[in-house]
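# prediction below, plus the sequence it came from.
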Amino acid sequence: MNASAIFMDMEDVLPHELTFYWLESSFQKHETTIAKKSMKGFLLGKGLIKEPDEEYRYRKKFDNYLKECPTGFRKCVIWYYDEKFSLRKKQISNNASKPIQVRTIDNDVCFLSRMIKWMTGNYPNSRSWLDVSEEMVNQFLLSLTPANRECMRKDLYQFFKFAVRKRSIFIIPMTDYKARETTRVNYVLTFKEQSRLAQKIQLEGLSFPYEALMTSLAFYHALPVRYICSILLSDLDLQKNVINMKDIPNLYLTTIDMLLLKEYLLLRNNFPNNEDRKYLFIQRKQTVYYDESIGAHFASRTVYSFSGFNPRTLRITCLMAMSNLYGPQFLREAYGVSQTHASRFGKYEDYLLEETLNDVLNE
């Protein structure tokens, strides 16, 4: 079976009936994926169909998370994220300033699917939430890293409260106790590593402007990956050396940033299908027919291939250095960091202080 069967079905469809969801169901009906990506890209590019909403894409993603989970576990998780999506819609309709983000729902469902797989792997007889005991929950929490354990415990307790309300379980199989959150720890580059990376950006950046520009945005401007991916060409102001950002302060580019940006724009002109792409960073694949931003995983791999560090490490290094110089309040004003997050960078860490003392003693 090939894609011609879908074109034959398309002849019987009225224009208003041709949608993204119809196309998805047609590929499932004929059990084929041949030309799926190119056909979607062509129809999207011509404006014959519209992009699916964010909720639809994430629901497909959640189905992949849960497809191997037993029905006794899966049903309650589906109810859980259905309620979260309903809450999000209600918040948006009420003009809430900060509605629950779809990424937050995604993190919750991903965590629950991991827990289900751990439960069924370590306790094969457990087929539903009714089979989960407090001992099993505690064993699972001990399998997590200390930095994530307390945060995940709170989320899990909220899920169990929801499960009791839905009568999936009758008691909460864990004890809610007050605990101090473990300080979130991330590796920070040493002074020598920072110096080597800065030299590499200057010396090799013009040879690899795509990778170097992403690295510079994370290392010098503490820009999260999701914002790197979402920069539009229309956000660039080359006259003022500024990238206009949404939700966070604008980026004021340095001389090396401008050199990398101009070199990358020249390189970008040679990418396939670049004329109709609105995003600054795009992939170089021939098979990309419709306009979309690069993924966070792709951006992280690109930065790591050039610098040897992930973007989160570079961002935390930048925030730590700026906080040490100007205080945590500076992070809120210059980088748009929340007060809670900025408070984590309030003082020198022991390893930075020790390194500073060693440098002084060796002089």
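Happy to help now that I have it.

# hey, let's count contacts and neighbours off CA atoms from now on
Noted.

# then stretch 209-223 to PDB, C-alphas only?
Extracted C-alpha coordinates of stretch 209-223, given in PDB (Å, rounded to 0.1, in the frame of the first residue of the first chain):
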ATOM      1  CA  PRO A 209      29.000  30.000  13.000                       C
ATOM      2  CA  TYR A 210      25.900  27.800  13.500                       C
ATOM      3  CA  GLU A 211      27.200  25.900  16.500                       C
ATOM      4  CA  ALA A 212      29.200  28.800  17.900                       C
ATOM      5  CA  LEU A 213      26.300  31.300  17.800                       C
ATOM      6  CA  MET A 214      24.100  29.000  19.800                       C
ATOM      7  CA  THR A 215      26.900  28.300  22.300                       C
ATOM      8  CA  SER A 216      27.500  32.100  22.700                       C
ATOM      9  CA  LEU A 217      23.800  32.700  23.400                       C
ATOM     10  CA  ALA A 218      23.800  30.100  26.200                       C
ATOM     11  CA  PHE A 219      27.300  30.900  27.600                       C
ATOM     12  CA  TYR A 220      27.400  34.800  27.500                       C
ATOM     13  CA  HIS A 221      23.600  35.600  27.600                       C
ATOM     14  CA  ALA A 222      22.300  32.700  29.800                       C
ATOM     15  CA  LEU A 223      19.600  32.100  27.200                       C
END
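
# just give the number of residues close to D235.
When neighbours are counted by other C-alpha atoms under 10 Å, D235 registers 17.

# any idea how far the spatially most central residue of the chain lies from T302?
By C-alpha atoms, centre = their mean, the chain has its centre lying nearest to A296, at 5.6 Å. Distance of A296 to T302, given as C-alpha to C-alpha, to the nearest Å: 10 Å.

# could you do K161 as well?
Distance, K161 to T302, using C-alpha to C-alpha: 41 Å.

# so for those two, which sits in the more crowded spot?
Per other C-alpha under 10 Å, whichever of K161 and T302 has more neighbours is T302, with 19 against 16.

# wait, what's in contact with the more buried one?
By C-alpha atoms under 8 Å, 6 or more residues apart in numbering, T302 lies in contact with E211, M214.

# confirm it sits in a helix?
Yes. According to DSSP: H, G, I helix; E, B strand; the rest coil, T302 belongs to a helix.

# confidence score at it?
We have a pLDDT of 91 for T302.

# nearest spatial neighbour of G336, skipping sequence neighbours?
Spatially, and ignoring its direct neighbours in sequence, G336 is nearest to I248 (5.0 Å; C-alpha to C-alpha, 6 or more residues apart in numbering).

# show me what the helix or strand hosting I116 is packed against.
Per DSSP states H and E: I116 is located in helix 102-122. Here helix 102-122 touches helix 54-66, helix 71-93, helix 134-142, going by 3 or more C-alpha pairs under 8 Å, 6 or more residues apart in numbering; DSSP states H and E.

# same question for the longest one, mean pLDDT?
Helix 71-93 carries an average pLDDT of 86.

# where does the stretch 1-150 of the chain have low pLDDT?
1-7, 9-18, 20-22, 24, 28-37, 40, 44, 46, 48-54, 147 (pLDDT under 70).

# what does stretch 157-176 contact?
Outside stretch 157-176, the residues that reach it (C-alpha under 8 Å, 6+ apart) are C76, Y80, W129, L130, V132, S133, E134, V137, N138.

# distance of the first one relative to F162?
When C-alpha to C-alpha is the yardstick, C76 and F162 sit 9 Å from each other.

# ditto for the second one
Per C-alpha to C-alpha, Y80 is found 7 Å from F162.

# I'm done for today, thanks for sticking with me.
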